[in-house]
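**Q** here is my input; please provide its structure:
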Amino acid sequence: MYYVTKRCIDLVGSLVLCIAFSPFAVITAVAIVLDSSGPVLADTPERVGKHGKLFKLYKFRSMIINAHEILRKNPKFKHLYEKYKKNSYKLYEDPRVTSVGKFIRKHSIDELPQLLNVLKGEMSLVGPRPYYPDELEAQQKKYPHTRELVEIVLSAKPGITGDWQVSGRSEVNFDKRIKIDAGYVKRKSIWRDFVILLKSPLAMITGKGAV
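**A** Sure thing, here's the model as predicted:
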């Protein structure tokens, strides 16, 4: 019953949120087009979903074109890529981020298109963070004791929001983040999802920990 109820909540909730946030989505799309050249949606590699299945995650573009490839392959960004990996795949000062991108990332507006992923059944409103394949591989090498936790996390659908997003977000490193995500999966309940959803708007408004 948990999974049936959760899916119903995801479908109804994402439809309602799509309608409610449609004006913000349109304004954001226009702002992105006026601010920098490139598509409205980010062109990023696939993420790891439930049971390790890869999927295309939708996000508003908050960076320059080909930002993902530039960071990893452009020699000029080599020092930033090393810093990126050292900081658990986060950059607090990222030159690839556009002017509009800084604002929409801070307030999680760039995540709005993920409601489409929820409708498609690839994500849930609440769940673990959707990781990049190379991020999971690298971080498990750095933190070998997290391998079992990663397996637990990948047994569930990733979510738009979750425990770590509302209790520290990007301020926590991978080993702590994956532990929080695994804890959510092991103690999952509709009530827990409801509490996380209630906390999420405050995290969006304050932008606490966002990068």
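
**Q** you'd agree V33 is up against I27?
**A** No - checked against CB atoms under 8 Å, the pair V33 and I27 is beyond contact range at 11.0 Å. Where you see a C-beta, it was placed from the backbone N, CA and C, and this is true even at glycine.

**Q** quick check: chain neighbours aside, which residue is closest to V166?
**A** K199 (4.0 Å; CB to CB, 6 or more residues apart in numbering).

**Q** does the one you found belong to a helix, a strand or coil?
**A** What DSSP: H, G, I helix; E, B strand; the rest coil gives for K199 is helix.

**Q** so between V33 and I27, which is more surrounded?
**A** V33 (14 against 11; other CB atoms under 10 Å).

**Q** for the more buried one, helix, strand, or coil?
**A** helix.

**Q** what's the answer for L116, then?
**A** Assignment for L116 (three-state DSSP): helix.

**Q** excluding its backbone neighbours, what's nearest it?
**A** In space, L116 is closest to Y58, 5.2 Å off (CB to CB, 6+ apart).

**Q** element containing that neighbour, please.
**A** Using DSSP states H and E, Y58 falls within no helix or strand.

**Q** give me the number of residues near it?
**A** Residues near Y58, counting by other CB under 10 Å: 19.

**Q** ok, the one 10 residues further on next?
**A** Other residues within reach of H68, judged by other CB under 10 Å, total 14.

**Q** distance of it from R47?
**A** Distance of H68 to R47, computed by CB to CB, to the nearest Å: 12 Å.

**Q** K78 too?
**A** With CB to CB as the criterion, K78 and R47 are 24 Å apart.

**Q** higher neighbour count, these two?
**A** The neighbour count for K78 versus R47, taken as other CB under 10 Å, is higher for R47 (21 against 12).

**Q** just checking, the residue nearest to V166 touches W164?
**A** No - K199 lies out of contact with W164 (CB under 8 Å); the separation is 11.5 Å.

**Q** these two - which one has more neighbours?
**A** W164 (22 against 15).

**Q** helix/strand/coil for that one?
**A** coil.

**Q** what segments of the protein are strands?
**A** Counting by DSSP state E, the chain has strands at residues 47-48, 54-55, 124-126, 159-161.

**Q** kindly reformat the ones you listed as JSON lines containing distance to C8.
**A** JSON lines is the format used below for the strands of the chain (distance: least, CB to CB, whole Å):
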{"stretch": "strand 47-48", "distance to C8": "24"}
{"stretch": "strand 54-55", "distance to C8": "21"}
{"stretch": "strand 124-126", "distance to C8": "11"}
{"stretch": "strand 159-161", "distance to C8": "16"}
